[in-house]
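[1] Kindly return the folded structure for what I paste below:
(one chain, ligands or ions: 1)
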Amino acid sequence: MAPLTHFLAAATLASLGAAMPTALDNVKVGSTTLNQVRNTNYTFNGAVSVYKTYLKFGAAIPEHLQTAVDNTGLLSKRTSGSVATSPIDSSDDAYSIPVSIGTPAQVLNLDLDTGSSDLWVFSSLTTASEVNGQNIYTPSKSSTSKLVSGATWKVKYGDESTSSGVVYTDKVTVGGITASSQAVEVAKTVSASFTSNSDIDGLIGMGFDSLNSAKPSAVPTFFDNIIGNLDSPVFTADLKHNKAGSYDFGVIDSSKYTGSLTYVAVDTDPGYWKFTSSGYGIGSAAFKSTSVVGIADTGTTLLYLDTAIVKAYYATVSGASNSATYGGWVFKCSATLPNFVFGVGSAKITIPGSYINYSPVTTGSSTCFGGLQDSTDIGINIFGDVALKAAFVVFDGSDTPRLGWASK
Ligand SMILES: Cc1noc(C)c1CN(C)Cc1cc2n(n1)CCN(c1cc(N)ncn1)C2
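    Below you'll find the predicted structure:
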């Protein structure tokens, strides 16, 4: 049929007196249909759509729109970063990182805590008698601080310590990575254990948002705010005994561990990095394959496990006892403690016995407190710093959260 169609078209044009350009000679007249194909990779985002319209017509971008677009992470370039983390004392009681807040930057040393989800700080609003040498955040000195009207928070930790206050948003930078409008929970009051430790100016929670205490609605963690901008939706922990380690964001640095990473699923209910260890070994004894559910918690100092495991461990330490006086398992500081191995899938992480010879019960005492304690009264097993500093740990916040473990 094409030739006939071709002929008719030429005839029509001729009848109209149109010059017959030779180009028509090779034009195939006909019809075709281009079916639209949905781009399944594209997700509409309102803020980005409005932002692009503003750009198209040269309109100034309002700050609220810039913040909304920043927080989508959809437009900004991917990034990664690293921050050194240091034990606050010779016992590795906690690990702090420098965090820049506001404009100009106010730098506070915060306890990065995967076992909670509030970023809270000592501040100019904290009851003066409860501040004892800590660095404070003063919102009124930051040109980018904004009060979140009506928002309050109150957090309570496993050891009954507490803090509470009001909420601002401000620019927060960790390891070179910035959340342009991070909720900063400003303390109006803190409990004695926080007041007594001038090495910690607050916490930066890296648990899941469901644990956040802000009212009337929860606020996103720093990790949640930056995850969209990261090359990879992860942060890693490389804690060390009595020396600086690091937290990395958006990258897995294979120079920081030996062998390979073994990944294990995370149950995000109720909001911890909760996983199942595949068993344990004490010293040179045979490894016992058994499921041990616990949380990876950088904000907890020690390792807390089931009674049976703890009893079996200290049965190998002559003179060890579970002391009501000292509130846990103690032994002579001169004791040599066996290593403790815990399983992650088919991999094994070995905690040196020296990490479990944690510290004298009081300065100068010859009685030492164990780095492994009973979790019964807590209600959940906690792989705290004593365990974490024996490993390199990947906290993978992808759509299927998981933990990666490696020796180092
Ligand atoms: C810790 C710690 N231990 O000895 C010292 C000193 C410190 C540091 N210190 C006074 C600052 C601090 C930070 C926390 N606490 N105290 C107690 C309750 N915390 C947690 C976090 C969590 N994930 N789970 C349970 N509680 C966090």
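
[2] use CA for all of it now, contacts and neighbours both
    OK.

[3] Pull the contacting residues for the residue sitting nearest the centre point of the chain.
    Nearest to the mean C-alpha position of the chain, counting by Cα atoms, centre = their mean, stands M206 at 3.6 Å. By Cα atoms under 8 Å, 6 or more residues apart in numbering, M206 lies in contact with L112, D113, T114, G115, S116, S117, D118, T221, F222, F223.

[4] Out of those, the closest to T103 would be?
    The shortest approach to T103 among the contacts of M206 belongs to F222, at 17.3 Å (Cα to Cα).

[5] so how far is K146 from T138?
    Going from T138 to K146 by Cα to Cα, to the nearest Å gives 12 Å.

[6] What confidence value was assigned to the residue of the stretch 201-350 of the chain found nearest the ligand?
    Ranked by Cα to the nearest ligand atom, the top residue of the stretch 201-350 of the chain for proximity to the ligand is G299, at 3.7 Å. pLDDT for G299: 98.

[7] again, but for the one 3 residues further on
    Note on L302: pLDDT of 98.

[8] Quick check: it touching Q373?
    Yes - in this structure, L302 is within contact of Q373 by Cα atoms under 8 Å, at 7.4 Å.

[9] For the residue nearest to the centre of the chain, which non-adjacent residue is closest in space?
    The spatially closest residue to M206, leaving aside those adjacent along the chain, is T114, at 4.4 Å (Cα to Cα, 6 or more residues apart in numbering).

[10] got it, and P216?
    A151 (6.2 Å).

[11] Just give me the neighbour total for that neighbour.
    17 (other Cα atoms under 10 Å).

[12] residues touching it, list them.
    Neighbours of A151 in contact, by Cα under 8 Å, 6+ apart: V166, V167, A214, K215, P216, S217.

[13] And the strands in the stretch 251-400 of the chain?
    262-265, 274-282, 288-296, 303-305, 321-323, 328-332, 340-344, 347-351, 357-360, 367-370, 372-374, 381-383, 392-396 (DSSP state E, counting those that start in this stretch).

[14] is it possible to export these to CSV including mean neighbour count and distance to the ligand?
    Output for the strands of the stretch 251-400 of the chain, formatted as CSV (neighbours: other Cα atoms under 10 Å; distance: least, Cα to the nearest ligand atom, whole Å):
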stretch, mean neighbour count, distance to the ligand
strand 262-265, 18, 20
strand 274-282, 22, 12
strand 288-296, 18, 9
strand 303-305, 24, 11
strand 321-323, 15, 19
strand 328-332, 21, 15
strand 340-344, 22, 20
strand 347-351, 20, 20
strand 357-360, 21, 12
strand 367-370, 24, 13
strand 372-374, 25, 14
strand 381-383, 25, 9
strand 392-396, 24, 15
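
[15] what would those strands look like in CSV with distance to S210?
    Listed next are the strands of the stretch 251-400 of the chain as CSV, based on distance: least, Cα to Cα, whole Å:
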stretch, distance to S210
strand 262-265, 18
strand 274-282, 13
strand 288-296, 15
strand 303-305, 23
strand 321-323, 35
strand 328-332, 31
strand 340-344, 26
strand 347-351, 29
strand 357-360, 32
strand 367-370, 32
strand 372-374, 27
strand 381-383, 19
strand 392-396, 17
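
[16] In the stretch 1-150 of the chain, what residue lies closest to the ligand?
    Closest point on the stretch 1-150 of the chain to the ligand, by Cα to the nearest ligand atom, is G115, at 3.7 Å.

[17] What about the residue nearest to that residue when sequence neighbours are not counted? Give its phi and psi, please.
    Excluding the flanking residues, the one nearest G115 by Cα to Cα, 6+ apart is D297, at 4.8 Å. Main-chain dihedrals, D297, degrees, to the nearest 10: phi -130, psi 100.
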